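S.K.: kindly generate the corresponding structure for this input.
(chains A and B)
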Amino acid sequence: MIDLAALRLDPDAVRRSQQVRGESVELVDEVLAADVARRAAVGVFEALRTEQKSLGALVAKAQGDEKQAILAQTKTLSDQVKLAESQLRDLDAALENLVLGLSNIVALGVPVGGEDDFVVLREVGERRDFSAEGFTVRDHVELGEFIGAIDIERGAKVSGSRFYYLTGPGAMLELALVQLAMTTAQANGFQPMIPPALVKPAAMEGTGFLGQAAENVYRLEADDLYLVGTAEVPLAAYHMDEILDLASMPKRYVAFSPCFRREAGSHGKDTRGIFRVHWFDKVEMFSFCPVAEAEEEHLRLLGYEEAFLQALEIPYRVIDVATGDLGSSASRKFDCEAWIPSQERYREVTSTSNCTTFQSRRLRIRGREESGISPIATLNGTLCAVTRTIVALFENHQQADGSIKVPAALRPFLGGAEYFQVK
RNA sequence: GGAGACGUCGCAUAGUCCGGUCGAGUGCGCCUCACUGCUAAUGAGGUAAGGAGUCAAAUCCUUCGGAGGUUCAAAUCCUCUCGUCUCCGCCA
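M.R.: Okay, the predicted model is just below:
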């Protein structure tokens, strides 16, 4: 939710932001009109209520006839107050509804445009030349079968399309990746967390996933709970309705959690393998920090993501995501895209967003500073999305015989193994 | 799943039976000032959030887990709901 007071002061800034996102500009004017209407209703209600309260105080003191006279007066007033209150409530809800429809204000410098208008910030790592090495690239599905790490057929048998089993070395690899991610993050000052993957509507709404992204969220009708698509949700909502001490910030958390995504609207996309699945596990970083430090924090999260990919010796590039592809909560977003040899292109493996105060306003998370109490910034970043990391790792480290080299950083978590051998 | 107790301003609690003077007392914590060579101790004052309003104030409104209801009036009465705790049952 954006800052209504700021919108009042500078509606053009919001109009511009909506425009470059390709979203409704008229909504800004609807919000302004609803705001004026609401404030008028507040005035009416408060005047009536003040009168009611002062008469009420007289009732308490008065006796006999005098009391009866006041009671008669106050009865009609009571009806008026009730009416004014319900009108105010309606206008409040209407305004709230409209404001929630506005996306976060895009940060300065974000490339303008759609999905393909990102800017490449850098390419890191060396892409292997497999033809020079004298063999044909295999994709992760084939490699996973060779070493007995992924069973997609049985995943489909048991759970349907876009499900899989990690088996043997695949299962152990997930744990190794998670261990590496969690331990490095902890060393970097993040508090490890294992959060609930099932959350109440308030948490889902607060993080902004029931807007544009709603169709991709699993909902449990019988219990009115949602399956999270990322640990960002329970981490952001962790401090819901709290006022954080300035001295305690930035608060940094790293969580391991399953992620569930309906993948509605992506039929036919990435149907092979485990690149796009309905469920995967992920290690996610999350920061609560003062607004003034948010940009710096964003680069820090990006740095950790890059360091992780470097540790796995996976070539990647970093892109500055364009305005039209940000998602409603982010003011800026950087994606790390790993090189996928079988596809001969870069694909998203991690992503970090600066949500400024957008989420914290919805979740009522504030910080107490010298200057007073104000919303704080929230930021999130993927440290390791397990399935996509496995895809990139298998493909980039494959050997001519179908075995896969284990990057040095992972070996301590895999009993020192240097290769996943063909079974 | 069954039985019971409880949810009040950072923490701990009073107030709820008998509705109005309770947005709410007390202790602790915290802040300011005074006293003291420093600290401690002591004394005085202050100390919830959101909204309307204002240049800023003053002032006003809302909120006593949440949602409804009764009433001229609700922390207080009624209903539902969520959460916590205790006991019993069941269970990874």
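S.K.: going forward, measure contacts and count neighbours with C-alpha atoms only.
M.R.: Noted.
S.K.: can stretch A:75-88 be found next to RNA strand B?
M.R.: Yes: judged by C-alpha under 7 Å from any atom of the strand, stretch A:75-88 and RNA strand B are in contact via A:75, A:77-78.
S.K.: taking those one by one, which sit in helices?
M.R.: A:75, A:77-78 (DSSP state H).
S.K.: tell me the domain ranges of chain A?
M.R.: With domains defined by automatic domain parsing, chain A comprises A:4-100, A:119-420.
S.K.: ends of the longest one, what's the gap?
M.R.: Its first and final residues considered, domain A:119-420 spans 36 Å by C-alpha to C-alpha, to the nearest Å.
S.K.: any part of it near RNA strand B?
M.R.: Yes: if you take C-alpha under 7 Å from any atom of the strand as the test, domain A:119-420 does meet RNA strand B, through A:373-374.
S.K.: which of the residues of stretch A:75-88 next to RNA strand B are buried?
M.R.: residue A:77 (16 or more other C-alpha atoms under 10 Å).
S.K.: and residue A:296, how far from residue A:379?
M.R.: For residue A:296, the distance to residue A:379 (C-alpha to C-alpha) stands at 11 Å.
S.K.: those two: who's more crowded?
M.R.: residue A:379 (27 against 11; other C-alpha atoms under 10 Å).
S.K.: next, the contact list for that one, please.
M.R.: Contact analysis of residue A:379 by C-alpha atoms under 8 Å, 6 or more residues apart in numbering lists A:286-288, A:294, A:297-298, A:352-356.
S.K.: check the residues you listed and tell me the two furthest apart.
M.R.: Greatest spatial distance among these (C-alpha to C-alpha): A:288 and A:352, at 13.7 Å.
S.K.: quick one: residues contacting the residue of the stretch 201-350 of chain A found nearest RNA strand B.
M.R.: Nearest residue of the stretch 201-350 of chain A to RNA strand B (C-alpha to the nearest atom of the strand) works out as residue A:243 at 7.8 Å. Residue A:243 makes contact with A:365-368, A:373 under the criterion C-alpha under 8 Å, 6+ apart.
S.K.: excluding its backbone neighbours, what's nearest it?
M.R.: Excluding the flanking residues, the one nearest residue A:243 by C-alpha to C-alpha, 6 or more residues apart in numbering is residue A:366, at 4.7 Å.
S.K.: for the stretch 301-423 of chain A, what spans make up the strands?
M.R.: For the stretch 301-423 of chain A, the strands defined by DSSP state E, counting those that start in this stretch occupy A:316-320, A:332-340, A:345-354, A:366-369, A:372-375, A:377-385, A:404-405, A:419-420.
S.K.: looking at these, which is buried most?
M.R.: Across those, averaging neighbours per residue (mean count of other C-alpha atoms under 10 Å) puts strand A:377-385 on top, at a mean of 28.
S.K.: any idea of the mean pLDDT in it?
M.R.: Across strand A:377-385, the average pLDDT comes to 97.
S.K.: partner strands of that strand, parallel or antiparallel?
M.R.: The pairing partners recorded for strand A:377-385 under DSSP bridges are strand A:279-289 (antiparallel), strand A:345-354 (antiparallel).
S.K.: contact partners for the spatially closest residue to residue A:294 that is not a sequence neighbour?
M.R.: Counting by C-alpha to C-alpha, 6+ apart, the nearest residue to residue A:294 once its immediate chain neighbours are dropped is residue A:377, at 6.2 Å. Listed by C-alpha under 8 Å, 6+ apart, the contact partners of residue A:377 are A:288-291, A:294, A:354-360.
S.K.: how about JSON lines for these, with distance to residue A:238 added?
M.R.: Shown next, in JSON lines, are these (distance: C-alpha to C-alpha, whole Å):
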{"residue": "A:288", "distance to residue A:238": "11"}
{"residue": "A:289", "distance to residue A:238": "14"}
{"residue": "A:290", "distance to residue A:238": "17"}
{"residue": "A:291", "distance to residue A:238": "19"}
{"residue": "A:294", "distance to residue A:238": "19"}
{"residue": "A:354", "distance to residue A:238": "18"}
{"residue": "A:355", "distance to residue A:238": "16"}
{"residue": "A:356", "distance to residue A:238": "17"}
{"residue": "A:357", "distance to residue A:238": "16"}
{"residue": "A:358", "distance to residue A:238": "16"}
{"residue": "A:359", "distance to residue A:238": "12"}
{"residue": "A:360", "distance to residue A:238": "11"}
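S.K.: which members of those residues occur in helices, if any?
M.R.: A:294, A:358-360.
S.K.: so what's the residue count around residue A:394?
M.R.: 27.
S.K.: closest residue of the stretch 301-423 of chain A to RNA strand B?
M.R.: residue A:373 (5.4 Å).
S.K.: quick check, that residue in contact with residue A:290.
M.R.: No: counting by C-alpha atoms under 8 Å, residue A:373 stays clear of residue A:290, with 11.1 Å between them.
S.K.: shared neighbours, these two?
M.R.: Joint contacts of residue A:373 and residue A:290 (C-alpha under 8 Å, 6+ apart) are residue A:367.
S.K.: can you redo the contacts of residue A:379 as a markdown table with distance to residue A:412 and pLDDT?
M.R.: As requested, the contacts of residue A:379 are arranged in a markdown table below (distance: C-alpha to C-alpha, whole Å; pLDDT from 0 to 100):
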| residue | distance to residue A:412 | pLDDT |
| --- | --- | --- |
| A:286 | 26 | 97 |
| A:287 | 28 | 96 |
| A:288 | 32 | 94 |
| A:294 | 34 | 95 |
| A:297 | 30 | 97 |
| A:298 | 30 | 98 |
| A:352 | 28 | 98 |
| A:353 | 31 | 97 |
| A:354 | 33 | 97 |
| A:355 | 36 | 96 |
| A:356 | 38 | 95 |
